[in-house]
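Trainee: pasting the structure only:
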Ligand code: SF4
């Protein structure tokens, strides 16, 4: 099925759209259940091995949809973390990171090739956005890693390369596909979408998916510091962002996570901690302090451990739920802000 020059991949298609496809082609809509069962439950991807679909319909599906996959071309491992490099059909490359926790195995997927948001501390965003990922290129990161590792992944965070709300439709179709009870059936509450603060995206998201988690890359307690490290804040001021987040919480009744990368002498002072505590007072939220991972191309330094602990204490004393993120993947450049740093 063509969409402009792009032939839709079978992993781009939501269950409801697949039902409609079969109806439009004079077949029964329960064929969609059968096909989803093969693809997402039995993990059989070759149409020729799907016994209950007629040969005529198989030929039609082959003509209408691409059944090919992105390619996993490299895997690196460290304690409790694995990083995968994928090559897309046009030669572009993306990365995903698998993390092993006490509570499960989480996967961080990418949503774009490069990123236009330009966060100053981010290695992933140093290369400008090349293009959005198609839905299937996000779904296949999950399918290929589960198959390679013989595991069931939960939860998923859309926090790899890219700004998810800059690729809203494809990312949300990914959510629809992986949460379908006809297929992977992942609970909405096991998915987190992380944005650097794209307000129109948050507004759409609160109306479309009120059970999926939202994380905000905040990284500063005021516009002055945020402007220095996150260009997005020039378009969407902190006051407007916070008022949108309050609307989101009122509408969804969900707790929001604030990500805060600790950058030495930039956003890690005691005054910053107090300002952050004031900013977040009374908001149903949780703060994740992330020790920064230094990279050779970016001048920012990691905050000292004692500074991170002092920052943590101030938030805690002010009644803010806070944790210091356990560090994953520094040795394989899989840590936050390091994806795609050395893929080429
Ligand atoms: S932190 Fe996220 S939004 Fe910012 S440049 Fe990096 S990938 Fe893009």
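Mentor: The structure has been received and is ready for your questions. As the structure is a computational prediction, the values presented were derived from the model and not from experiment.

Trainee: quick one, phi/psi of the residue nearest to residue 238 when sequence neighbours are not counted?
Mentor: Distances taken as CB to CB, 6 or more residues apart in numbering put residue 223 closest to residue 238, at 5.0 Å, once the chain neighbours are dropped. All C-beta spots, glycine's among them, are computed from the backbone N, C-alpha and C. In terms of degrees, to the nearest 10, the main-chain angles of residue 223 are phi -60, psi -30.

Trainee: Residue 223: neighbouring residues, count only.
Mentor: The local packing of residue 223 (other CB atoms under 10 Å) involves 15 other residues.

Trainee: Ok, residue 23 next?
Mentor: In terms of burial, residue 23 registers 13 neighbours under the definition other CB under 10 Å.

Trainee: from memory it sits against residue 32, does it?
Mentor: No - the criterion here is CB atoms under 8 Å, and residue 23 misses it with residue 32 at 9.0 Å.

Trainee: gap between the residue nearest to residue 238 and residue 45?
Mentor: Going from residue 223 to residue 45 by CB to CB, to the nearest Å gives 49 Å.

Trainee: and the gap between the residue nearest to residue 238 and residue 236?
Mentor: For residue 223, the distance to residue 236 (CB to CB) stands at 10 Å.

Trainee: repeat for residue 96
Mentor: Taking CB to CB, one finds residue 96 at 28 Å from residue 236.

Trainee: what about those two, which has more around it?
Mentor: Taking neighbours as other CB under 10 Å, residue 96 and residue 236 compare with residue 96 leading, 25 against 18.

Trainee: buried stuff in the helix or strand hosting the more buried one?
Mentor: Using DSSP states H and E, the element containing residue 96 is strand 93-100. When neighbours are counted by 16 or more other CB atoms under 10 Å, the buried residues of strand 93-100 are found to be 93, 94, 95, 96, 97, 98, 99.

Trainee: and if you look at stretch 97-113?
Mentor: Neighbour counts using 16+ other CB under 10 Å place 97, 98, 99, 105, 106, 107, 108, 109, 110, 111, 112, 113 of stretch 97-113 among the buried residues.

Trainee: Where does the stretch 51-200 of the chain get nearest to the ligand, which residue?
Mentor: Closest approach of the stretch 51-200 of the chain to the ligand (CB to the nearest ligand atom) occurs at residue 125, with a separation of 2.4 Å.

Trainee: Look up phi and psi at residue 152.
Mentor: Torsion angles, degrees, to the nearest 10, at residue 152: phi -110, psi 120.

Trainee: same question, residue 40
Mentor: Dihedral angles phi and psi of residue 40 (degrees, to the nearest 10) take the values phi -110, psi -20.

Trainee: Contacts only, for the closest residue to it other than its chain neighbours.
Mentor: If the residues on either side of it in the chain are set aside, residue 40 comes closest to residue 183, at 3.1 Å by CB to CB, 6+ apart. Taking CB atoms under 8 Å, 6 or more residues apart in numbering as the definition of contact, the neighbours of residue 183 are 15, 36, 37, 39, 40, 41, 177.
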